[in-house]
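Student: only geometry, no sequence info:
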């Protein structure tokens, strides 16, 4: 079995890291930590649709995690789904009890609203 802790040694853009995470998820499809790591790796590798697919699954599995909604918003923005990105960042703000994502999500909302034609 693939050891997810060992995968942190790979750079985010590593194709090998991506392959190892995909293998881990084939072995353990419910592994939320592996899904989050793979989704972020896909995003970093500009595989935005693949990242979005995983963030969609994660938003159902771990709906209260503001990080999932924050990064889903980033991914949707890259996919030019601006209204959905804003909605996702708003969900991140609503779920953020620690304040880690609130400011960054609000900055992205403001940026999206100022740069995207209405």
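Tutor: Yep, it's here. For clarity, every value in this text was computed on a predicted model and none was experimentally measured. Residues are numbered from 1 along each chain as shown.
Student: Next up, the contacts around residue 79.
Tutor: 48, 49, 52 (C-beta atoms under 8 Å, 6 or more residues apart in numbering). Yep, even glycine has a C-beta here, placed from its N, CA and C like the rest.
Student: Just give me the residue closest to the centre of the protein.
Tutor: With distances taken as C-alpha atoms, centre = their mean, residue 71 lies nearest the centre of the chain, 3.6 Å away.
Student: Could you provide the contacts of residue 79 in CSV, with additional columns for neighbour count?
Tutor: Converted to CSV, the contacts of residue 79 look like this (neighbours: other C-beta atoms under 10 Å):
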residue, neighbour count
48, 18
49, 10
52, 21
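Student: Those in strands, which ones?
Tutor: Judged by DSSP state E, strands contain none of the contacts of residue 79.
Student: Show me what counts as buried in the helix or strand of the chain with the lowest mean pLDDT.
Tutor: Every helix and strand in the chain was compared by mean pLDDT, DSSP states H and E; the lowest is helix 15-27, with a mean of 91. Residues 17, 18, 20, 21, 24, 25 are the ones in helix 15-27 that count as buried (16 or more other C-beta atoms under 10 Å).
Student: mind listing the helices for the chain?
Tutor: In the chain, the helices defined using DSSP state H lie at 15-27, 32-44, 48-61, 66-78, 82-95, 102-115.
Student: picking that back up, now the least confident helix or strand of the chain and helix 48-61, what's the angle there?
Tutor: Helix 15-27 runs at 40 degrees relative to helix 48-61, counting by axes from the mean of the first three to the mean of the last three C-alpha atoms, to 10 degrees.
Student: Specify the angle between helix 15-27 and helix 32-44 in degrees.
Tutor: Angle, helix 15-27 to helix 32-44, by the same axes, to 10 degrees: 140 degrees.
Student: How far does helix 15-27 sit from its chain's centre?
Tutor: 16 Å (C-alpha atoms, centre = their mean, to the nearest Å).
Student: For that helix, enumerate the helices and strands it packs against.
Tutor: When contacts are defined as 3 or more C-beta pairs under 8 Å, 6 or more residues apart in numbering; DSSP states H and E, helix 15-27 packs onto helix 32-44.
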